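[1] here is a sequence together with a model predicted from it:
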Amino acid sequence: MITNPVKRPMVLKARLPLPRPRNIGSRRPRWGPLGAARVTLPAVSRSYHVTTFGCQMNEHDSERIKGMLESLGYAEAGSRSDADLILFNTCSIREAADSKFAAHLGEAKRIKREQPGTVIGVGGCWAQSVKEEVFARFPFVDVAFGPGQVHKLAEFLTSDSLTAQGFFEFEGFTGHLPAKRARDFQGWVQISVGCNSVCSYCIVPSTRGREVSRQPGELVEEIRRLADDGVREVTLLGQNVNSYGRDLPRDCRITFSELLRKVDAVPGIERIRYTSPHPKDMREDVIRAHAELPALCEHIHLPLQSGSSPVLKRMRRTYTRERYLDRVALIREHVPDCALTTDIIVGFPGETEADFAQTLEVAEAVGFDGAFTFIYSPRRETEAATMPDQVAHEVKVARMERLVEVIQRRARERAQRFVGRTVEVLVEGPSRNDPSRLRGRCRHNKVVNFDGLGEPGDLVNVEISAATSQTLSGEASLLARAAG
Ligand code: SAM
Ligand code: SF4
């Protein structure tokens with residue numbers, strides 16, 4: 001654990017002093033959206049603590065935040081109370097995420113009362129959704145920034161500004177910022193930001209704005225750099241990855257499947273994943289790419305949301321139950337063994353027992369390998385929040401239990417197809433329940449716990465002997481051990 005060796009004296013002055021790296025002078029870094037700052041700053045004994053809520057996009061932004069802070073001379077602290085800079089990268093997709101964050105913010109407030117020099121920052125979607133209001137509601141917050149504003153945090157920390165500041169205009173991608181990856185051999189790459197869909201329950205279009213795709217050349221360059229740095233698996237991120245490219249200038253416009261081909265061609269990249277595609281944009285060329293590209297994994301996360309066409313219509317998902325099932329059939333035709341996972345919302349306004357029964361039917365029929373299931377949560381300024389016939393909480397909870405039973409049973413049944421097979425596992429480290437075993441993921445994105453030898457980042461062939469709804473279990477194959 002890295003602790004903060006030098007605690008600043010308590011100065012009871014609003015927002016003073018900021019934990020700025022000393023001796024920067026005129027060499028202040030500027031991370032604009034286009035130009036990458038590469039200024040080496042003197043080491044300083046400042047520390048940060050980042051708490052991340054929500055999706056992989058946020059996890060990825062936090063890697064950028066950490067990388068950027070470390071190039072400013074900050075070190076990661078083991079706990080909030082040891083940090084000079086306490087940051088929250090927030091989510092606002094569901095109400096539960098908001099209230100969880102509010103509780104953590106209360107702890108930060110207490111720390112700041114005891115150590116007034118501590119700087120508190122709030123970034124991400126929740127910050128974007130409330131904007132300047134954050135300072136009125138939480139006067140102890142020093143800096144707030146939206147998802148497209150990560151680089152502004154560095155400018156704030158290295159500026160002479162003594163007043164609280166908010167940065168909320170989207171300016172660019174974080175791709176040029178340094179990143180502190182959680183695992184050396186896995187990298188996330190944001191291919192687009194924002195979303196042009198208008199799903200009536202979703203706050204994302206208002207927090208992350210219209211869809212903007214990154215230039216393919218820039219993406220391939222970033223992935224090459226990751227591969228040179230030891231990354232074997234990349235996950236392409238976007239709110240709707242498979243509508244990628246439509247907004248690009250004509251001279252560099254390519255489709256999502258063409259981008260997949262370019263990534264597949266990068267030497268050293270052995271696994272490609274992406275999340276999330278939208279069923280309305282899941283075309284045959286993307287599905288075929290799964291059958292044709294060696295690095296593209298046999299797993300598709302295809303959010304269903306509801307199995308009832310009338311509910312899908314009110315959700316403004318722009319596909320029907322039949323179109324969804326047709327996409328599943330096409331996937332299974334081209335890649336019969338492909339793992340399918342999904343997102344499902346229960347208790348959307350007006351969802352009747354008959355609508356819900358249709359969701360259960362689709363879950364039974366498809367047999368998902370896994371699912372994220374959500375209780376519908378009204379979000380401010382979304383169309384669905386004011387729709388009539390909001391479903392009672394007890395009804396939502398009861399439906400959720402029934403849905404989880406079907407999802408888990410079908411996932412357990414589907415997982416049995418792996419028993420007796422040998423799967424390739426990318427080792428992540430020791431198993432969580434039994435540290436004498438190893439844990440990793442196979443190409444189908446199932447967690448695999450196994451007996452055998454391997455280092456994080458190794459690819460090991462594992463013979464599967466047992467399967468539950470969530471995990472596979474086995475032993476490194478004799479051949480793999482002989483080769484090792
Ligand atoms: N863009 C992706 C898509 O269209 O599937 C996912 C975005 S969202 C971060 C992840 C999931 O959160 C959604 O697929 C949906 O199931 C769920 N979600 C979004 N808004 C919600 C709400 N208001 N209540 C409950 N679940 C919600
Ligand atoms: Fe939200 Fe719909 Fe866009 Fe996904 S596609 S981010 S659910 S608006």
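    Yep, it's here. Ligands and ions are numbered 1, 2, ... in the order given.
[2] up against ligand 2, what does the stretch 151-300 of the chain have?
    195, 197, 199, 202, 204-205, 239-240, 278 (Cβ under 6 Å from any ligand atom). For the C-beta atoms, the positions are set from N, CA and C on the backbone; glycine is no exception.
[3] got a markdown table for those, with neighbour count and pLDDT too?
    As requested, those are arranged in a markdown table below (neighbours: other Cβ atoms under 10 Å; pLDDT from 0 to 100):
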| residue | neighbour count | pLDDT |
| --- | --- | --- |
| Cys195 | 21 | 93 |
| Ser197 | 17 | 94 |
| Cys199 | 21 | 97 |
| Cys202 | 21 | 95 |
| Val204 | 22 | 88 |
| Pro205 | 17 | 87 |
| Gln239 | 21 | 92 |
| Asn240 | 20 | 95 |
| His278 | 21 | 97 |
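[4] which pair in those residues spans the largest distance?
    Pro205 and His278 (12.8 Å; Cβ to Cβ).
[5] run a quick neighbour tally on Leu453.
    12 (other Cβ atoms under 10 Å).
[6] how much space between the residue positioned nearest the centre of the chain and Asn89?
    Nearest residue to the geometric centre of the chain (Cα atoms, centre = their mean): Gln56, 0.7 Å. Relative to Asn89, Gln56 is positioned 12 Å away (Cβ to Cβ, to the nearest Å).
[7] make CSV out of the residues of the stretch 151-300 of the chain next to ligand 2 and add secondary structure.
    Shown next, in CSV, are these (DSSP: H, G, I helix; E, B strand; the rest coil):
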residue, secondary structure
Cys195, coil
Ser197, coil
Cys199, coil
Cys202, coil
Val204, helix
Pro205, helix
Gln239, coil
Asn240, coil
His278, coil
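[8] how close does whichever residue of the stretch 351-484 of the chain sits closest to ligand 2 get to ligand 1?
    For the stretch 351-484 of the chain and ligand 2, the shortest gap (Cβ to the nearest ligand atom) falls at Thr382, measuring 9.2 Å. According to Cβ to the nearest ligand atom, to the nearest Å, Thr382 and ligand 1 sit 7 Å apart.
[9] got a list of what that residue touches?
    Applying Cβ atoms under 8 Å, 6 or more residues apart in numbering to Thr382 gives the contacts 200-203, 206.
[10] and it, what's its pLDDT?
    pLDDT, Thr382: 94.
[11] same question for Pro9.
    According to the model, Pro9 carries a pLDDT of 26.
[12] now Arg421
    97.
[13] same question for Glu455.
    Reported pLDDT for Glu455: 95.
[14] likewise Glu171?
    Reported pLDDT for Glu171: 63.
[15] show me where this structure has helices.
    Per DSSP state H, the chain carries helices over the ranges 56-71, 95-114, 125-130, 133-137, 150-158, 204-208, 216-228, 256-264, 284-292, 309-315, 321-334, 353-366, 393-415, 478-483.
[16] who wins for proximity to Phe450 among the ones you listed?
    helix 478-483 (10.2 Å).
[17] how about Glu284, what does it touch?
    With Cβ under 8 Å, 6+ apart, Glu284 has these contacts: 330, 334.
[18] per-residue pLDDT of it, please?
    Reported pLDDT for Glu284: 97.
[19] cool, and the one 10 residues further on?
    Predicted confidence (pLDDT) for Pro294: 98.
[20] that one and Ile287, how far apart?
    For Pro294, the distance to Ile287 - Cβ to Cβ - is 16 Å.
[21] more neighbours, those two?
    Ile287 (20 against 8).
[22] can you mark which positions in stretch 278-298 are buried?
    278-282, 286-287, 289-290, 293, 295-298 (16 or more other Cβ atoms under 10 Å).
[23] next up, phi/psi of the nearest residue to Cys297 once chain neighbours are set aside, please.
    Closest residue to Cys297 apart from its sequence neighbours, by Cβ to Cβ, 6 or more residues apart in numbering: Arg443 at 4.4 Å. Note on Arg443: backbone dihedrals following degrees, to the nearest 10 are phi -60, psi -30.
[24] wait, Arg443 sits on Glu424?
    Yes: using Cβ atoms under 8 Å, Arg443 is in contact with Glu424, at 6.1 Å.
[25] what residues do the two have in common as contacts?
    Taking Cβ under 8 Å, 6+ apart as the criterion, Arg443 and Glu424 do not both touch any residue.
[26] around ligand 2, which positions in the stretch 1-150 of the chain sit nearby?
    Counting by Cβ under 6 Å from any ligand atom, the stretch 1-150 of the chain has no residue next to ligand 2.
[27] ligand 1 contacts on the stretch 1-150 of the chain?
    So the stretch 1-150 of the chain meets ligand 1 at 55, 93-94 (Cβ under 6 Å from any ligand atom).
[28] just to revisit the earlier point, between the contacts of Thr382, which is closest to ligand 2?
    Cys202 (3.1 Å).
[29] next one: phi and psi at the closest one?
    Dihedral angles (degrees, to the nearest 10) for Cys202: phi -110, psi 140.
[30] any idea what sits nearest it, other than its immediate chain neighbours?
    Thr382 (6.4 Å).
[31] can you redo the buried residues of stretch 278-298 as TSV with distance to Gly245?
    Converted to TSV, the buried residues of stretch 278-298 look like this (distance: Cβ to Cβ, whole Å):
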residue	distance to Gly245
His278	14
Pro279	18
Lys280	16
Asp281	11
Met282	15
Val286	12
Ile287	17
Ala289	14
His290	18
Leu293	17
Ala295	20
Leu296	17
Cys297	21
Glu298	24
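[32] farthest pair within the residues you listed?
    Maximum distance among these (Cβ to Cβ): 25.8 Å, for Lys280 and Ala295.
[33] buried subset of the contacts of Thr382 as a ChimeraX selection?
    To isolate the buried members of the contacts of Thr382 in ChimeraX, using 16+ other Cβ under 10 Å:
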select :200,201,202,203,206
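[34] hmm, which of the contacts of Thr382 is lowest in pLDDT?
    At the low end of pLDDT for the contacts of Thr382 is Ser206, which has 84.
[35] residues contacting that one?
    Counting by Cβ under 8 Å, 6+ apart, Ser206 has contacts 129, 381-382.
[36] do that again at 10 Å, thanks
    92, 125, 128-129, 195, 379-382 (Cβ atoms under 10 Å, 6 or more residues apart in numbering).
[37] look up how far Gly474 lies from it.
    45 Å.
[38] could you do Val193 as well?
    On the measure of Cβ to Cβ, Val193 and Gly474 end up 39 Å apart.
[39] between the two, tell me which one has more neighbours.
    Gly474 (26 against 22).
[40] Asn449 is in contact with the more buried one, correct?
    Yes: contact status for Gly474 versus Asn449: in contact at 8.0 Å, counting by Cβ atoms under 10 Å.
[41] shared neighbours, those two?
    425, 437, 462, 466.
[42] which of the residues you listed fall in strands?
    Using DSSP state E, the members of those that fall within strands are 425, 462, 466.
[43] any idea which of the residues you listed is the one closest to Pro249?
    Distances from Pro249 to these, taken by Cβ to Cβ, are shortest for Val425, at 41.2 Å.
[44] which residues touch that closest one?
    Here Val425 is in contact with 438-443, 446-450, 452, 454, 458-462, 464, 472, 474, 476, 480 (Cβ under 10 Å, 6+ apart).
[45] can you tell me the closest non-neighbouring residue to it?
    Gly440 (4.0 Å).
[46] next, the contact list for that neighbour, please.
    Taking Cβ under 10 Å, 6+ apart, we find Gly440 in contact with 423-429, 431, 446-450, 454, 456-460, 462.
[47] same question for Val241.
    Val241 touches 190-192, 213, 235, 256, 259-260, 274-278, 281, 286, 301, counting by Cβ under 10 Å, 6+ apart.
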